[in-house]
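**Student:** with the sequence up front, the predicted model follows.
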Amino acid sequence: MATVDHVADAGGMFSEINSASDSFIFRLEHCFALYPDFLTNVEIEAKVIAALQKAESYIVHLKEQHRQHLLETTNSQ
């Protein structure tokens, strides 16, 4: 059985990331539908926003790593 640690190629790994992204969005929409307080209760809303900002920060970090890699690649040529 294939796991994330044993994906055969980059295409397979992209499929894993794409699936995780879709699942993340689906789960958020599901939570918001089941618990509308997530967006109307100020205390809960703040926690939801903090959690989403954590994900956003990680994406920004990945973009910065990619930018740095491009700079290093360009400078080494």
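**Tutor:** Perfect, thanks for sending it. Quantities reported herein were computed from a predicted structural model and do not represent experimental measurements. Numbering: from 1, shown residues only.

**Student:** quick check: residue 31 touching residue 38?
**Tutor:** Yes. With contacts counted by C-beta atoms under 8 Å, residue 31 reaches residue 38, the gap being 6.1 Å. All C-beta spots, glycine's among them, are computed from the backbone N, C-alpha and C.

**Student:** and those two? which has more neighbours close in?
**Tutor:** Set residue 31 next to residue 38 and count neighbours by other C-beta atoms under 10 Å: residue 38 wins out with 16 against 13.

**Student:** now the more buried one: how far from residue 66?
**Tutor:** Residue 38 sits 32 Å away from residue 66, going by C-beta to C-beta, to the nearest Å.

**Student:** same question for residue 47.
**Tutor:** Distance, residue 47 to residue 66, using C-beta to C-beta: 30 Å.

**Student:** from the middle of its chain, how far away would the least confident helix or strand in the chain by mean pLDDT be?
**Tutor:** Within the chain, confidence by mean pLDDT, DSSP states H and E is lowest for helix 37-40 among all helices and strands, at a mean of 85. Computed by C-alpha atoms, centre = their mean, to the nearest Å, the chain-centroid distance of helix 37-40 equals 22 Å.
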